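Visitor: what's the 3D shape of this:
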Amino acid sequence: MGRGLPVAPSCAARVRITMPVRPAIAQIMKNVPHTVTDAAIATIRDRIEAGVYPVGSLLPAQRQLSEELEISRASLREALSTLEALGMLRIRAGKGVYVESAQASAAHAWQFAEQSSPPDTYQMRYALEGFAARMAAHVVTDDDIAWFEDNLAELHVALTESELDEASRLDFDFHMRIIHLAGNAAIESVLRSSADIMKESQRMPFYRRELLLSTWQEHRAIVDALSARDAAAAGDAIETHITNAARRAGIFFPTPGG
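Guide: Purely as a prediction, here's the structure:
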């Protein structure tokens, strides 16, 4: 039989990596500080987007993949669940994990690609809002704290009842109140002029419905720091919140500590 064109493997065939791929954990961890689960998410996502794991293909068995990525099976399952929530994978009980899409649903829905990428947007918020929270802690009043407490109560209701439009509005108001308290008109102008982009970055983490209350818990930590007039803690709390929100959306960005 003569030599013909190579035959593509069946979509259901497990993918065997026969080409060099981006190092799993070590390389990522050098650039961006996050957990091994986050690093696994980034690595698997990179491979899907690069076509190493084609759409329709079956991922390697979890035992093989966990050994390759040097993470526990529990951490791998968390990573796979996150990618399923983002629409990139489909987990079929007893059959394995299939590649559903080469793009995360949140990233695919990003409407502002010509103005700013999602990582750049979160990084901008990290830089400006961390500073603003530290400044706000020096001037926040008891009336402001009462407003934040009311906002927290309403946010908890909205998230519990999956009223995501209302939750997004409350989230935006919460962050802009802190920005306003900081007293820097330039920062407030920049963020208000980017309100649509900022709001979208706040909606994206809600794709992971099982983690909806994480936003409320992180806002609670911010308010506690503001109530204590602890500038360092307030800045750290809002930076942690923005970093975690980005990760819930499947997005990673470098920070000064990375």
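
Visitor: poorly predicted segments of this protein, please.
Guide: Filtered on pLDDT under 70, the chain yields the residue ranges 1-35, 85, 104-110, 207-210, 258.

Visitor: quick one, domains of it?
Guide: What automatic domain parsing lists as the domains of the chain is 26-103, 111-248.

Visitor: which one of the ones you listed lies closest to residue 254?
Guide: Residue 254 sits nearest to domain 26-103 of all the domains of the chain, at 5.4 Å, using Cβ to Cβ. No exception for glycine: its C-beta is placed from N, CA and C like everyone else's.

Visitor: if we can go back for a sec, next, format the domains of the chain as JSON lines and append distance to residue 257 and mean neighbour count.
Guide: Below are these laid out as JSON lines (distance: least, Cβ to Cβ, whole Å; neighbours: other Cβ atoms under 10 Å):
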{"stretch": "domain 26-103", "distance to residue 257": "6", "mean neighbour count": "17"}
{"stretch": "domain 111-248", "distance to residue 257": "10", "mean neighbour count": "18"}
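
Visitor: make JSON lines out of those and add distance to residue 254.
Guide: Rendered in JSON lines, the data for the domains of the chain read as follows (distance: least, Cβ to Cβ, whole Å):
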{"stretch": "domain 26-103", "distance to residue 254": "5"}
{"stretch": "domain 111-248", "distance to residue 254": "7"}
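
Visitor: run through who's touching whatever helix or strand residue 234 lives in.
Guide: Here residue 234 sits within helix 231-248, counting by DSSP states H and E. With contacts defined as Cβ atoms under 8 Å, 6 or more residues apart in numbering, helix 231-248 is touched by 34, 38, 118-119, 122, 125-126, 129-138, 178, 201-202, 204-205, 207-208, 211, 214-215, 218-219, 221-222, 224-226, 252-253, 255.

Visitor: next one: the longest helix along the chain to chain centre, how far?
Guide: For the chain, the longest helix by residue count, based on DSSP state H, is helix 118-139. From the chain centre to the centre of helix 118-139 is a distance of 16 Å (Cα atoms, centre = their mean, to the nearest Å).

Visitor: what angle do helix 231-248 and that helix make with each other?
Guide: Going by axes from the mean of the first three to the mean of the last three Cα atoms, to 10 degrees, helix 118-139 is angled at 160 degrees with respect to helix 231-248.

Visitor: which neighbouring elements make contact with helix 118-139?
Guide: Other helices and strands packing on helix 118-139, by 3 or more Cβ pairs under 8 Å, 6 or more residues apart in numbering; DSSP states H and E, are helix 164-182, helix 185-193, helix 195-203, helix 212-227, helix 231-248.

Visitor: dump the residue contacts of the residue nearest to residue 40 when sequence neighbours are not counted.
Guide: Leaving out its chain neighbours, the residue that sits closest to residue 40 by Cβ to Cβ, 6 or more residues apart in numbering is residue 79, at 4.1 Å. Taking Cβ under 8 Å, 6+ apart, we find residue 79 in contact with 37-38, 40-41, 44, 71.

Visitor: closest to residue 185 out of the residues you listed?
Guide: Nearest to residue 185 among those, with distances taken as Cβ to Cβ, is residue 38, at 35.6 Å.

Visitor: so which strand or helix has residue 98?
Guide: Following DSSP H and E, one finds residue 98 within strand 96-99.

Visitor: can you show me the CA trace of that strand as CSV?
Guide: Once non-C-alpha atoms are left out, strand 96-99 reads as follows in CSV (Å, rounded to 0.1, in the frame of the first residue of the first chain):
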residue,chain,number,x,y,z
GLY,A,96,-13.4,10.8,30.7
VAL,A,97,-12.9,14.5,30.0
TYR,A,98,-13.5,15.9,26.5
VAL,A,99,-12.4,19.2,25.0
